[in-house]
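Student: Here is my input, please return the structure:
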Amino acid sequence: QVQLVESGGGLVQAGGSLRLSCAASESIFTMGWYRQAPGKQRELVAALTSDGSTNYADSVKGRFTISRDNAKNMVSLQMNSLSPEDTAVYYCAADRRSYSSSYYERAPMTYWGSGTLVTVSS
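Tutor: This is a model prediction of the structure:
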């Protein structure tokens, strides 16, 4: 069982930035972030494989950047130009399978963190 621990959520004003980080208990092929806003379905925000395959939701392209430190088993999500529509619980997720990152647009990853709340005020 892979353990994932998130950090970095909080309250920010519209237009501001936040950085989320997630530490995994072991090396794992794919790491990423999902989010779930109140009353909405969970969606993939960004995913990054250890061989560099990257995928972003259309709504965050150009504003969010996912990165990994494979030596530390960590993934981060830099979120810029935040808007109230980005308010959600953000979940770190990971998967051992060696699929392309785009696979996880339609299938959930296997391992999940407990989530961290991001609130963007207008």
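Student: Roughly how far does the closest residue to residue 13 other than its chain neighbours sit from residue 16?
Tutor: The shortest distance from residue 13 to any non-neighbouring residue, by CB to CB, 6 or more residues apart in numbering, is to residue 121 (5.4 Å). In short, each C-beta sits where N, CA and C put it, glycine included. Distance of residue 121 to residue 16, given as CB to CB, to the nearest Å: 9 Å.
Student: Show me which of these two is the more surrounded one.
Tutor: Each of residue 121 and residue 16 has its neighbours counted (other CB atoms under 10 Å); residue 16 has more, 14 against 11.
Student: residues in contact with that one?
Tutor: Residues in contact with residue 16 (CB atoms under 8 Å, 6 or more residues apart in numbering) are 82, 120.
Student: Going forward, count from 17.
Tutor: From this message on, residue numbering opens at 17, which makes the last subject residue 32.
Student: So it: helix, strand or coil?
Tutor: For residue 32, the secondary-structure state derived from DSSP: H, G, I helix; E, B strand; the rest coil is coil.
Student: isn't the residue nearest to residue 29 right next to residue 100, touching?
Tutor: Yes: look at residue 137 against residue 100 with CB atoms under 8 Å: they come within range, at 7.0 Å.
Student: Touching both of the two, which residues are there?
Tutor: residue 30.
Student: Just want the most central residue of this protein.
Tutor: residue 49 (1.8 Å; CA atoms, centre = their mean).
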